[in-house]
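Asker: A predicted structure for the sequence below; I have some questions about it.
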Amino acid sequence: MKAHIQKKYAGQKPKLWGEKIPGVITRLNTHEKVIALTFDACGGPKGSGYDAELIYYLRQHHIPATLFINARWIDANYGRFMELSKIPQFEIENHGYLHKPLSVSGKSAWGIKGTSSPAEVVDEVYMNKLKIAKLTGRTPKFFRPGTAFFDDVAVKIVYELGQKPLNYDILGDAGATFNRQQVKNALLSAKPGSIVIMHMNHPEGETFEGLKDAIPILQKRGYKFVKVEDYLK
């Protein structure tokens, strides 16, 4: 399969690069007052933490969420990963194998070099897809790359690998760098069908604090929280 994709796409030059290019899903296909909260767990030396307070809050308040988890985070948090995968209110999705931007030409985003060929795109997407499926018994449906950047050729490859590229329309915590008020403000800007990106791997940040401030307000506005798979099949 990797050889086939390398041969098929090797001559194609990307024309687009970004988080919201055509083919990348950024919203739920609905006008209902629902919001999908998505949380990345990136792994690596500075990204393998675990925001236990955030996850506990979601569990205690029965708030569904979609967790995009990288292979490196799984390796560093195997027990936690297996526990999360067994909780029905959480949906486990694919955040890549080495947390690279998804490129066929080595393009970088936020100082991180992307995959450099169609074959490397396959490795980044498919190896973590297989890892999650083997550990959980459920094959992930959606893929979000490290940094959330794709080029347009890589997007086509993601679909060919049986995954759907998914990002967001609400930047919830900017890589866990937003302060409490910024997180709250971002969440309160959500509209029906919004997908919010946040992080569950930086307990030192203020993602949880802003989240717990915003959720009761959103609920009073009539919003419900859903998993991505509930609205995107």
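Answerer: That came through, no problem.
Asker: which non-adjacent residue is nearest Val228?
Answerer: Excluding the flanking residues, the one nearest Val228 by CB to CB, 6 or more residues apart in numbering is Thr66, at 4.5 Å. The way it works is simple: take the backbone N, C-alpha and C, and place the C-beta from them, glycine included.
Asker: tell me which element the one you found is part of?
Answerer: Take DSSP states H and E as the rule and Thr66 turns out to sit in strand 65-69.
Asker: counting contacts, what elements does that strand pack onto?
Answerer: On a contact count with 3 or more CB pairs under 8 Å, 6 or more residues apart in numbering; DSSP states H and E, strand 65-69 meets strand 34-41, strand 90-94.
Asker: Give the partner strands of that strand in its sheet and their orientations.
Answerer: strand 34-41 (parallel), strand 90-94 (parallel) (DSSP bridges).
Asker: Let me see the mean pLDDT of the longest one.
Answerer: Put plainly, it is strand 34-41. Regarding strand 34-41, the rounded mean pLDDT is 98.
Asker: What's the first helix or strand after that strand?
Answerer: helix 52-60.
Asker: Mind listing what's buried along that following helix?
Answerer: Across helix 52-60, burial judged by 16 or more other CB atoms under 10 Å covers 54-55, 58.
Asker: Got phi/psi on Asp151?
Answerer: Torsion angles at Asp151 (phi, psi; degrees, to the nearest 10) stand at phi -100, psi 170.
Asker: nearest residue to the most centrally placed residue in the chain other than its sequence neighbours?
Answerer: Nearest residue to the geometric centre of the chain (CA atoms, centre = their mean): Phe68, 4.0 Å. In space, and not counting its chain neighbours, Phe68 is closest to His95: 3.9 Å by CB to CB, 6+ apart.
Asker: Is the one you found in contact with Gly44, as I believe?
Answerer: No: using CB atoms under 8 Å, His95 is not in contact with Gly44; the gap is 11.4 Å.
Asker: which of these two has more neighbours?
Answerer: His95 (29 against 15; other CB atoms under 10 Å).
Asker: How much space separates that one from Ser103?
Answerer: Counting by CB to CB, to the nearest Å, the gap from His95 to Ser103 is 16 Å.
Asker: ranges for the helices of the protein?
Answerer: Taking DSSP state H as the test, the helices found in the chain are 2-9, 52-60, 71-76, 78-85, 118-136, 152-160, 180-188, 207-220.
Asker: okay if I get those as TSV plus mean pLDDT?
Answerer: Formatted as TSV, the helices of the chain follow (pLDDT from 0 to 100):
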stretch	mean pLDDT
helix 2-9	96
helix 52-60	98
helix 71-76	98
helix 78-85	98
helix 118-136	98
helix 152-160	98
helix 180-188	98
helix 207-220	98
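Asker: Could you point out which of those helices sits nearest Leu232?
Answerer: Nearest to Leu232 among the helices of the chain is helix 152-160 (13.4 Å), distances taken as CB to CB.
Asker: returning to that earlier point: residues in contact with the strand holding Thr66: which ones?
Answerer: Under the criterion CB atoms under 8 Å, 6 or more residues apart in numbering, residues 36-41, 58, 81, 84, 89-95, 132, 142, 144, 200, 225, 227-229 lie in contact with strand 65-69.
Asker: try 7 Å
Answerer: Strand 65-69 is touched from outside by 36-41, 58, 81, 84, 90-95, 144, 200, 227-228, with contacts defined as CB atoms under 7 Å, 6 or more residues apart in numbering.
Asker: And stretch 79-96, by the same measure?
Answerer: By CB under 7 Å, 6+ apart, stretch 79-96 touches 40-42, 50, 59, 62, 64-70, 74, 124-125, 128-129, 132, 135-136, 138, 140-146, 163, 227-229.
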